[in-house]
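S.K.: Could you look at this predicted model? Sequence included:
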Amino acid sequence: MLNHKAVLNIQRALGDLSGEWRSLKGLGERSEEIVHQYNQLLNILLDWGWDAYIDGLDPDCMLPDRLMGRRYLIAAKDSIPPDHAGY
């Protein structure tokens, strides 16, 4: 069973990281660190059994598709809005 408080905390962290990445316009070493941290957290959610298709992420909490972990994209492929593809 998922700990919903922990899931919400990770989702908030994902939102913070994606916002920071956007503020940096995806440039520089820090942006690369953000992508790495982001995908590590996303994998924790998936390891816990979090359902990316049902629970998904708010588009504001996502990175561009090319930076989202493959595992998430496969799990959530039907829940990603078409207008998000190019972010």
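M.R.: Structure received. Numbering: from 1, shown residues only.

S.K.: any idea how far the spatially most central residue of the chain lies from N3?
M.R.: Centroid check for the chain by C-alpha atoms, centre = their mean gives M62 as the closest residue, at 4.6 Å. Separation of M62 from N3 (C-beta to C-beta, to the nearest Å): 22 Å. Backbone N, C-alpha and C define where each C-beta goes, glycine included.

S.K.: Likewise for G69?
M.R.: Distance from G69 to N3, counting by C-beta to C-beta: 21 Å.

S.K.: These two: who's more crowded?
M.R.: Neighbour count, other C-beta atoms under 10 Å: between G69 and N3, G69 has more, with 18 against 10.

S.K.: Contacts only, for the closest residue to R71 other than its chain neighbours.
M.R.: Nearest residue to R71 in three dimensions, chain neighbours excluded: L46, at 5.8 Å (C-beta to C-beta, 6 or more residues apart in numbering). By C-beta atoms under 8 Å, 6 or more residues apart in numbering, L46 lies in contact with A52, R71, Y72, A75.

S.K.: how does it look with 10 Å?
M.R.: Residues near L46 by C-beta atoms under 10 Å, 6 or more residues apart in numbering: A52, G69, R71, Y72, I74, A75, A76.

S.K.: can you tell me the helix or strand for it?
M.R.: Under the criterion of DSSP states H and E, L46 resides in helix 29-47.

S.K.: Tell me the first helix or strand C-terminal of that helix.
M.R.: Toward the C-terminus, helix 29-47 is succeeded by helix 70-76 as the next helix or strand (DSSP H and E).

S.K.: hang on, isn't D58 packed against G15?
M.R.: Yes: under the criterion of C-beta atoms under 10 Å, D58 makes contact with G15 at 7.1 Å.
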